[in-house]
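Q: Compute the structure for the input listed below.
(one chain, ligands or ions: 3)
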Amino acid sequence: MTTIEQLSALTQILAQRSLSTLFQPIISLSERRILGYEALTRGPSNSPLHSPIPLFAVARQSARLSELEVLSRQSACQRFSEQQLPGLLFLNISPETLLEPEHQPGRTLRLLETYGIAPSQVVIELTEQAPIDDFALLHTALHHYRSMGFSIALDDLGAGYSSLRLWSELRPDYVKIDRHFIDGIHLDAVKREFVGSILKMASASRAQVIAEGIELPEELAVLADMGVDLLQGYLFSRPQDQPSSDIHALLPKLDCSSTPLAEDSSDLSALLNRQISVGAQAPIGEVLEAFRAQANLNSLAVLNEQQQPIGIVHRNSLASALLKPFATDLFARKPISRLMSDDFLLVEQSQSLQHVSRLLTSRARQRIEEDFIITEHGIYLGLGRVIDVLKLITELKIQQARHANPLTLLPGNVPIQQCLSRLLQQSREAIICYVDIDHFKPFNDIYGYAKGDEALLCLAQCLSSRVDPSCDFVGHIGGDDFLLVLGSDDWRQRLHNLQEDFQSQCRRFYRAEHLQAGCFSSLNRQGQHQEFPLLSLSLGVVHLRPEACAQLDASQLADLASQAKRHAKAVPGYSLHITDTQTLAAQSPNSVARAS
Ligand code: C2E
Ligand code: MG
Ligand code: MG
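A: Residues are numbered from 1 along each chain as shown. Ligands and ions are numbered 1, 2, ... in the order given. The predicted model follows:
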């Protein structure tokens, strides 16, 4: 399509105001509610400028960006208001238009007033498609928006030219991680590192993180596990003209069997305090009385008629609301819904302690004395205390450190046994892989223990970056022996990649002459000189089938893996030996356990 045709398409769109707006929900996983909707502009469906990317690009090139922006915003506000969508309205705005002389600051406020949308409901998303030269001006313009009561989101974090600088200078309320870092995050340790560091920075700057472009349940599992709470993507809903406002229709069934293998799968019952709750219509005076009568009551959950939590009242905030002169008299008969907060953390009892801890630390405004709500299938059960989570997590960390391998810090034999027991208990299908380095002893002898340790650390690193933390496990048995448990279907590919990673990473350890010869010579166990090939891996795999789980215990399973490793070791170079529990069982009904 020629530039002239594009220009004429744009002119027609602007003249006929033939834009439409789609909405894509952004959800809060912990609170199981819709935080709001991002408005996404579309040209007419038969137009070459249907997609917003070319549409905005052509408008930018032909200096008509402001016009297009104003029309887009108008359409977004109108449709949002017509459909009475709940929560926040996220509006995309190109920063350049804020800097243009014809930019009229009061226009958006007037637009919102027309459609009855409060400024506090609006989040301005800054899309950074071009390098921004004038930080100072942008800063001023944004402060201006903020002073009008809007929140600010930094869009596509990680994709732009200067997002980190923008982040530190603009102090946005939200940061939206670019889709690139979410796509395949369960398969990529570097992407997980990136998101992990964004979460740390966000918690330091009190920004809330939104992950965009979630398409797969595996991506969701990793993000949820890392403590990313605000989510957007096709997995929940595509952008739609009339989006759903029912959270239950959007949330895919979260698979409880996908508790990470590395984690204790026990639920939150140890944290549960069965506290009283009140209905939304309960008079404030009654709630006040409940706090007076029970000195250790920090928070009180407010429920709807279906016994689902809709709000929370904290002792401190209630006290400060009622400190004002005559407040108690004024409020005593009013319903508690007037003073409750709808910003609370809600967790299902079946979730793990680690999960709750990550959610708590990722919340921008969590105070230690404010309790969270525990439910079962959405129905109120009781309250949990932040201090109890901290205590249990600290105990768990101490225990983990005690059982970790001192060199690689990977889980040692006790957690390995626990992991295998959990697998058997839950009758999960899995791949248990015993990993052993070939010719490690002669390598250690000739290169010394420091290099040997480096090679072990290198293998630990390769193992950790090749696993999917939502369903896999890595442990260090000791020396050059490691144990890997894979729950993912693509395990063959992962093991193949692991071997390749390790061999190429190890090249930096060898002397040039050894690298060139492809081998090194050292004394063998009989004290004679012998040539050894460069380091490679022997992998002993047990394919555990659910049917075999009842017949095995953890040490028998470990023995089967160790036997498979011995078979692999008998083959020179990289080798993989697979023992399938199905074949074992077919040979003789009791042979699964006996084989060990
Ligand atoms: P964005 O703001 O980063 O919007 C997210 C884009 O990701 C949207 O593309 C959305 O449809 C798409 N998306 C959402 N979930 C998924 C997913 O799970 N998988 C994949 N593959 N994509 C997903 P869309 O609607 O084509 O918009 C593209 C860009 O155009 C937006 O990126 C935004 O930068 C810009 N844009 C859209 N509307 C407006 C507007 O009114 N004003 C301005 N200035 N820019 C707009
Ligand atoms: Mg956006
Ligand atoms: Mg984006």
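Q: Going along the chain, name the strands of the stretch 1-150 of the chain.
A: 20-28, 33-42, 88-93, 122-126 (DSSP state E, counting those that start in this stretch).
Q: Which of those strands sits closest to Ala270?
A: Ala270 lies closest, by Cβ to Cβ, to one member of these: strand 20-28, at 25.0 Å. From N, CA and C alone the C-beta is placed, and that goes for glycine too.
Q: tell me the angle that closest one makes with strand 33-42.
A: Interaxial angle of strand 20-28 relative to strand 33-42 (axes from the mean of the first three to the mean of the last three Cα atoms, to 10 degrees): 150 degrees.
Q: what about strand 20-28, near ligand 3?
A: No. Shown here: strand 20-28 not in contact with ligand 3 (Cβ under 5 Å from the ion), separated by at least 10.4 Å.
Q: Show me what that strand is in contact with.
A: 33-42, 44, 72, 75-76, 79-80, 83, 85, 88, 90, 210, 229-232, 236-241, 243-244, 247, 250-251 (Cβ atoms under 8 Å, 6 or more residues apart in numbering).
Q: Check stretch 395-404 too.
A: 264, 353-354, 410-415.
Q: For Arg525, see how far away the residue of the stretch 201-350 of the chain found nearest ligand 3 is.
A: Nearest to ligand 3, among the residues of the stretch 201-350 of the chain, is Glu212, at 4.9 Å (Cβ to the ion). As for Glu212, its distance to Arg525 is 57 Å (criterion: Cβ to Cβ, to the nearest Å).
Q: Tell me which of these two has more neighbours.
A: Glu212 (21 against 8; other Cβ atoms under 10 Å).
Q: give the contact list for that one.
A: 156, 176-179, 182, 232-233.
Q: Select from those every entry located in strands.
A: Counted as lying in strands by DSSP state E, out of those, are 156, 176-177.
Q: which of the residues you listed come close to ligand 3?
A: Among these, proximity to ligand 3 is found for Asp156 (Cβ under 5 Å from the ion).
Q: what kind of secondary structure is Gly573 in?
A: Here Gly573 is coil, with the state taken from DSSP: H, G, I helix; E, B strand; the rest coil.
Q: Can you get me a residue count around it?
A: 11.
Q: where in this protein is pLDDT low?
A: Applying pLDDT under 70 to the chain flags the ranges 99, 101, 105, 128-138, 141, 160-162, 252-266, 364, 523, 585-596.
Q: quick one: buried residues of whichever strand or helix holds Asp329?
A: According to DSSP states H and E, Asp329 maps onto helix 327-331. Within helix 327-331, the residues that count as buried by 16 or more other Cβ atoms under 10 Å are Phe331.
Q: Quickly note the distance from the residue nearest to Asn316 when sequence neighbours are not counted to Ile26.
A: Among residues not flanking Asn316 along the chain, Glu369 sits closest, at 6.6 Å (Cβ to Cβ, 6 or more residues apart in numbering). As defined by Cβ to Cβ, Glu369 lies at a distance of 29 Å from Ile26.
Q: Of those two, which one has the most company?
A: Ile26 (26 against 12).
Q: Bridge partners for that one, pull those for me.
A: Going by DSSP bridges, Ile26 is paired in beta bridges with Gly36.
Q: Give the burial count for Asp267, as a bare number.
A: 18.
Q: With the one 5 residues further on instead?
A: Other residues within reach of Leu272, judged by other Cβ under 10 Å, total 16.
Q: got a list of what it touches?
A: Per Cβ under 8 Å, 6+ apart, neighbours of Leu272: 349, 374, 381-384.
Q: So which residues on the stretch 1-150 of the chain come close to ligand 2?
A: So the stretch 1-150 of the chain meets ligand 2 at 92, 125 (Cβ under 5 Å from the ion).
Q: Assign a three-state SS to Gly213, would you?
A: coil.
Q: what's the spacing between the residue lying closest to it once chain neighbours are set aside and Ala159?
A: In space, and not counting its chain neighbours, Gly213 is closest to Arg179: 3.0 Å by Cβ to Cβ, 6+ apart. The gap separating Arg179 from Ala159 is 8 Å, by Cβ to Cβ.
Q: returning to what we had before: what subset of the contacts of Leu272 is buried?
A: 349, 374, 381-384.
Q: Quick one: the residues you listed as CSV, columns for distance to Pro469 and secondary structure too.
A: Below are the buried ones among the contacts of Leu272 laid out as CSV (distance: Cβ to Cβ, whole Å; DSSP: H, G, I helix; E, B strand; the rest coil):
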residue, distance to Pro469, secondary structure
Gln349, 23, coil
Ile374, 25, strand
Leu381, 28, strand
Gly382, 30, strand
Leu383, 30, strand
Gly384, 24, strand
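Q: What is the most widely separated pair among these?
A: Farthest apart among the buried ones among the contacts of Leu272 - using Cβ to Cβ - are Gln349 and Leu383, which lie 11.9 Å from each other.
Q: Residues that sit against both of those two, list them.
A: Joint contacts of Gln349 and Leu383 (Cβ under 8 Å, 6+ apart) are 272, 374.
Q: is stretch 28-47 up against ligand 1 anywhere?
A: Yes. Stretch 28-47 reaches ligand 1 (Cβ under 6 Å from any ligand atom) through 40-41.
Q: Endpoint to endpoint, that stretch covers what distance?
A: 35 Å (Cα to Cα, to the nearest Å).
Q: And the contacts of Glu212, which two are furthest apart?
A: Farthest-apart pair in the contacts of Glu212 is Asp156 and Gly233; separation 14.0 Å (Cβ to Cβ).
Q: hmm, back to that, what's the distance between the residue nearest to Gly213 and ligand 1?
A: 6 Å (Cβ to the nearest ligand atom, to the nearest Å).
Q: Tally up the residues packed near that residue, please.
A: Other residues within reach of Arg179, judged by other Cβ under 10 Å, total 17.
Q: a markdown table for the contacts of Glu212, including distance to Arg146?
A: A markdown table is the format used below for these (distance: Cβ to Cβ, whole Å):
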| residue | distance to Arg146 |
| --- | --- |
| Asp156 | 20 |
| Lys176 | 18 |
| Ile177 | 22 |
| Asp178 | 23 |
| Arg179 | 26 |
| Ile182 | 28 |
| Gln232 | 23 |
| Gly233 | 28 |
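Q: Out of those, which comes closest to Gln505?
A: Proximity of the contacts of Glu212 to Gln505 (Cβ to Cβ) peaks at Ile182, which lies at 26.8 Å.
Q: In this structure that closest one contacts Glu218, no?
A: No. Judged on Cβ atoms under 8 Å, Ile182 makes no contact with Glu218 at a distance of 11.1 Å.
Q: When those two are compared, which one has more neighbours?
A: Between Ile182 and Glu218, counted using other Cβ under 10 Å, the more crowded position is Ile182 (25 against 18).
Q: Contacts only, for that one.
A: Ile182 makes contact with 191, 195, 211-214, 219, 223, 233, according to Cβ under 8 Å, 6+ apart.
Q: which of those residues come close to ligand 1?
A: Within these, those near ligand 1 by Cβ under 6 Å from any ligand atom are 212-214, 233.
Q: so which two of the residues you listed are the farthest from each other?
A: Glu212 and Ile214, at 7.5 Å, using Cβ to Cβ across those.
Q: Find residues that contact each of these two.
A: If you check Glu212 and Ile214 against Cβ under 8 Å, 6+ apart, the residues they both contact are 182, 232-233.
Q: Using TSV, lay out those together with distance to ligand 2.
A: Listed next are the shared contacts of Glu212 and Ile214 as TSV, based on distance: Cβ to the ion, whole Å:
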residue	distance to ligand 2
Ile182	14
Gln232	9
Gly233	12
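Q: ok, of these, which one's closest to Arg171?
A: Gln232 (21.8 Å).
Q: ok, Ala455 touching Ser536?
A: No. The pair Ala455 / Ser536 is not scored as a contact, 11.7 Å apart, by Cβ under 8 Å.
Q: Please enumerate the shared neighbours of the two.
A: Ile437.
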